[in-house]
Each structure stands twice: as C-alpha cells, then as structure tokens.
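> make a model of this:
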Amino acid sequence: LIDSPGHVDFSSEVTAAAGLADGAFLVLDVVEGVRAQTVSAMRQARRDNLRLVLVLNKVDRLHGEKGMSAKEALASFRQG
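Below is the predicted model:
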C-alpha cells in the first residue's frame, strides 16, 4: 500500500508511487469535486496501466453541509 498526497506540490511523489503500484484507489471529495490534480492522477494511472478504483469520500457532507437529499446527491453525481 502506497499513500501519496493529491496536492500539486507532491505530483512527483504521485508519479513515483504509480510506477510501483499494480492498482490505485482514487479518493474523491464529493463536495470539492474533480480538480486538476484529480484529472492528473487519473491520467497517470491510465499511462501506467493501473487498475483504478474510484472512492467517493465525504458523502455525508452533501446532506450535512449542503442540505441535499439522497436523491439530490445521486443526481449531482450523474451531472458530473
């Protein structure tokens, strides 16, 4: 298991970790959404032929902070 940060300052660590791994979990904060580093990490995984598992994190914040119902949260995932 290799844990590499997603912040842009650590992009070289992400690249190094991807080169050592067989697969990757890409953890996505659903409130913050897809950011430039998310796209970069996905591209890196694709370049290195990694099996990628998307993990949706902080789903509870959609209800607690945004006041979304489960149906609204699901709709927001589908809209991208």
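
> chain center to stretch 16-32, what's the gap?
7 Å (C-alpha atoms, centre = their mean, to the nearest Å).

> in it, which residues are buried?
Neighbour counts using 16 or more other C-beta atoms under 10 Å place Ala17, Ala18, Ala21, Ala24, Leu28, Val30, Val31 of stretch 16-32 among the buried residues. Quick note: C-beta positions are derived from backbone N, CA and C, even for glycine.

> can I assume the fifth one sits in a strand?
Yes. With DSSP: H, G, I helix; E, B strand; the rest coil as the criterion, Leu28 is assigned to a strand.

> of the buried residues of stretch 16-32, which pair is most distant in space?
Across those, the longest distance by C-beta to C-beta is 26.8 Å; it joins Ala21 and Val31.

> chain center to the helix or strand hosting Lys71, what's the gap?
Using DSSP states H and E, Lys71 maps to helix 70-79. Put simply, helix 70-79 sits 17 Å off its chain's centre (C-alpha atoms, centre = their mean).

> could you give the mean pLDDT of it?
Looking at helix 70-79 alone, the average pLDDT works out to 82.

> kindly report the same for stretch 24-37.
The model assigns stretch 24-37 a mean pLDDT of 85.

> contact partners of the helix ranked longest in the chain?
Criterion DSSP state H: the longest helix present in the chain is helix 36-47. Helix 36-47 has contacts (C-beta atoms under 8 Å, 6 or more residues apart in numbering) with Gly6, His7, Val8, Ser11, Val14, Thr15, Ala18, Ala24, Leu26, Leu28, Leu52.
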